[in-house]
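Engineer: coordinates for the following, if possible.
(one chain, ligands or ions: 2)
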Amino acid sequence: MTRPAAAPKAGRPRTAYVCTECGADHNKWQGQCAGCGAWNTLAEFVVEPATKGAAGPATRRAGWAGKAEAPKITALKEVRHIEDARVSTGIGELDRVLGGGLVEGAVVLVGGDPGIGKSTLLLQAVAKMSATFPALYVTGEESLGQVAGRAARLDLPLDGLQGLAETGVETILQHAAGMRPKLIVADSVQTLWTETLTAAPGSVSQVRESAARLVRYAKETGTAVFLVGHVTKEGGIAGPRVLEHMVDAVLYFEGESGSRFRVLRAFKNRFGAVNELGVFAMGDKGLKEVPNPSAIFLSGGSTRQPGSCVMVTREGTRPLLVEVQALVDSSPLSNPRRVAVGLEGNRLAMLLAVLHRHGGIAVGDQDVFVNVVGGIRVQETAADLPVLLAVLSSLQDRPLAEKTIAFGEVGLSGEIRPVPNGEERLREAATHGFKRAIVPKANAPKAGTLKGLDVIAVERLADALEACI
Ligand code: TYD
Ligand code: MG
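Structural biologist: Ligands and ions are numbered 1, 2, ... in the order given. Here you go, the predicted structure:
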């Protein structure tokens, strides 16, 4: 007697192909990821939905939160909103980047290079909060002894702060269900693993699923969660970019090696402004806030050197004075180099084309290097005009007039376009003793001066170049 062909059993291990770049799932192997278009990035994973308690979202929820209520349609008007439930982290600059404090139930991913200070920052924050806000610090990278040692060295108060050296997400959630902390720090998300998957810890599917479980826990219980994530060579948070979609906020911790300044930037924030910057200085007592960072990104000394232009950028909600430097040098290459550090490379190429076409200044046979001082990254278009002025100054080997700042977007037809919050930028420059500002016409105050700052309003690139020559 032949047995009837068995239908595929539910709960049998399934093979999935997950893109290591973007985390997209595929049923079969293929050379190119359909999600992000990257080649040769699909890795095979055996997905075992076999373990009880992980079979479906409803049972899973019942497993750790103890309530088996099925989700139901609710009038949004009646839902308790958590917008106002913000808690200060005790670190003003971190609060600022979070949009005014930590929101209950928010999941925040903190990314950055190894050694930049992610663990230090979070330890300082949770220690400050722990007196009023019971916190669980889960460490998968360091031992509890190391964490406690660091806390002691930094003189941090540790009442109310519990530690757990564990990487299994089920165990972590079990402990959390018992302790009911209001805040969990998972350091780092790359070390987490869930027993519902057989893939190796650190693999994309493990990181993704473990993070997803913490996110669900956070949303169900109103616990705030900080996830620490390492950054890959390419600059994304290691493994799945999909983590960025799951969480409420993504903060990047940046800084130049050798510089003690660190910049925390909100890359995504459901509860506040993106591109908000928090500035810290790393010292022997951990990270110190720099609440008034306006002038730290100037190179110090005299900025009156060829190839230097100070700009006022406004990343997030406050203006910052930043120095842009350019070096223009005749190139031995047939294809001269254009290198931008802290700025976008393609934009530099475009600006040089505008400089040639509408300013009559050719740098086609020159190497052009542009750098933003202090390891900070400027993403807004207000940097266009300062970049071109710095390039011009280096090309002519003549410094700009003393105490000059500039900002403005440069359009493809050579027009200088206004940027947001012009007056606020000008006031900041005046406060720091600058005397002359080259700015878009629409950003200039009617009177032509502002608190002793002589404002030169320009409409076209040619006007701006003339003002400098
Ligand atoms: P850490 O927070 O461990 O970095 P991450 O978690 O991002 O990998 O920071 C480690 C670096 O910070 C290390 O290079 C030493 C430096 N550091 C100080 O300079 N002063 C301090 O007080 C501490 C705690 C760290
Ligand atoms: Mg660390």
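Engineer: show me what contacts T191?
Structural biologist: Going by CB atoms under 8 Å, 6 or more residues apart in numbering, T191 touches G140, E141, T167, P201, G202. Heads up, the C-betas are built off the backbone N, CA and C, glycines and all.
Engineer: point out where the stretch 301-450 of the chain drops to low pLDDT.
Structural biologist: 301-303 (pLDDT under 70).
Engineer: count the residues that sit near the residue of it found nearest ligand 1.
Structural biologist: Using CB to the nearest ligand atom, the single residue of the stretch 301-450 of the chain nearest to ligand 1 is G375, 15.3 Å away. For G375, the count of nearby residues is 18 (other CB atoms under 10 Å).
Engineer: what's the answer for V147, then?
Structural biologist: When neighbours are counted by other CB under 10 Å, V147 comes out with 20.
Engineer: out of the contacts of T191, which one sits closest to I405?
Structural biologist: E141 (43.3 Å; CB to CB).
Engineer: does the closest one lie in a helix or a strand, and which?
Structural biologist: Assigned by DSSP states H and E, E141 belongs to no helix or strand.
Engineer: what of R425?
Structural biologist: helix 422-431.
Engineer: for that helix, buried residues please.
Structural biologist: For helix 422-431, a neighbour-count test (16 or more other CB atoms under 10 Å) marks G422, R425, L426, R427, E428, A429, A430 as buried.
Engineer: what about A125, which SS state?
Structural biologist: helix (DSSP: H, G, I helix; E, B strand; the rest coil).
Engineer: now do the SS call for the closest residue to it other than its chain neighbours.
Structural biologist: Spatial nearest neighbour of A125, chain neighbours left out: T89 (4.4 Å); criterion: CB to CB, 6 or more residues apart in numbering. Counting by three-state DSSP, the backbone at T89 sits in coil.
Engineer: count of residues packed around T89?
Structural biologist: Neighbour tally, T89, other CB under 10 Å: 24.
Engineer: isn't it right next to L102, touching?
Structural biologist: Yes - at 5.6 Å, T89 counts as touching L102 under the criterion of CB atoms under 8 Å.
Engineer: quick one, grab the pLDDT at the nearest residue to G90 once chain neighbours are set aside.
Structural biologist: Using CB to CB, 6+ apart and skipping residues adjacent in sequence, the residue nearest G90 is K128, 3.0 Å away. Looking at K128, its pLDDT stands at 89.
Engineer: all further residue positions should be reported with the first residue as 368.
Structural biologist: Done: numbering now begins at 368, and the last item shifts to K495.
Engineer: which residue is nearest the centroid of this protein?
Structural biologist: Y619 (2.9 Å; CA atoms, centre = their mean).
Engineer: tell me if the helix or strand that contains that residue is near ligand 1.
Structural biologist: Element membership for Y619 (DSSP H and E) is strand 616-621. No - Strand 616-621 stays clear of ligand 1 (CB under 6 Å from any ligand atom), getting no nearer than 6.8 Å.
Engineer: so what touches that strand?
Structural biologist: With CB under 8 Å, 6+ apart as the criterion, strand 616-621 contacts 464-466, 473-480, 483-485, 488, 598, 604, 611, 629-639, 742-744.
Engineer: of these, buried ones?
Structural biologist: The buried subset of these - by 16+ other CB under 10 Å - is 464-466, 473-480, 483-485, 488, 598, 604, 611, 629-633, 636, 638-639, 742-744.
Engineer: just the ones of those in helices?
Structural biologist: V464, L465, K485, L488, E611 (DSSP state H).
Engineer: can I assume the third one is in contact with V556?
Structural biologist: When you say that, I think you mean K485. No - using CB under 8 Å, K485 is not in contact with V556; the gap is 11.0 Å.
Engineer: coming back round to it: so what's the residue nearest to A492 up against?
Structural biologist: Contact analysis of T456 by CB under 8 Å, 6+ apart lists D462, L465, G468, L469, A492, K495, M496.
Engineer: one more: K635?
Structural biologist: K635 sits next to E611, V614, A616, V617, V641 when contact means CB under 8 Å, 6+ apart.
Engineer: can you name the two of the residues you listed that are farthest apart?
Structural biologist: V614 and V641 (13.5 Å).
Engineer: can you show me the helices along the stretch 368-517 of the chain?
Structural biologist: For the stretch 368-517 of the chain, the helices defined by DSSP state H, counting those that start in this stretch occupy 424-432, 459-465, 485-496, 511-520.
Engineer: those helices: which one's closest to I805?
Structural biologist: Closest approach to I805 among the helices of the stretch 368-517 of the chain (CB to CB): helix 459-465, 29.7 Å.
Engineer: quick one: L755 is in a helix?
Structural biologist: Yes - per three-state DSSP, L755 lies within a helix segment.
Engineer: surely it touches A720?
Structural biologist: No - L755 is beyond contact range of A720, at 11.0 Å (criterion: CB under 8 Å).
Engineer: comparing these two, which shows the higher neighbour count?
Structural biologist: Legend: neighbour count by other CB under 10 Å for L755 and A720, higher for L755 (29 against 13).
Engineer: report the contact partners of the more buried one.
Structural biologist: L718, V721, L722, G726, V777, L828, A831, L832.
Engineer: secondary structure for these - can I get that in a markdown table?
Structural biologist: Below are those laid out as a markdown table (three-state DSSP):
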| residue | secondary structure |
| --- | --- |
| L718 | helix |
| V721 | helix |
| L722 | helix |
| G726 | helix |
| V777 | strand |
| L828 | helix |
| A831 | helix |
| L832 | helix |
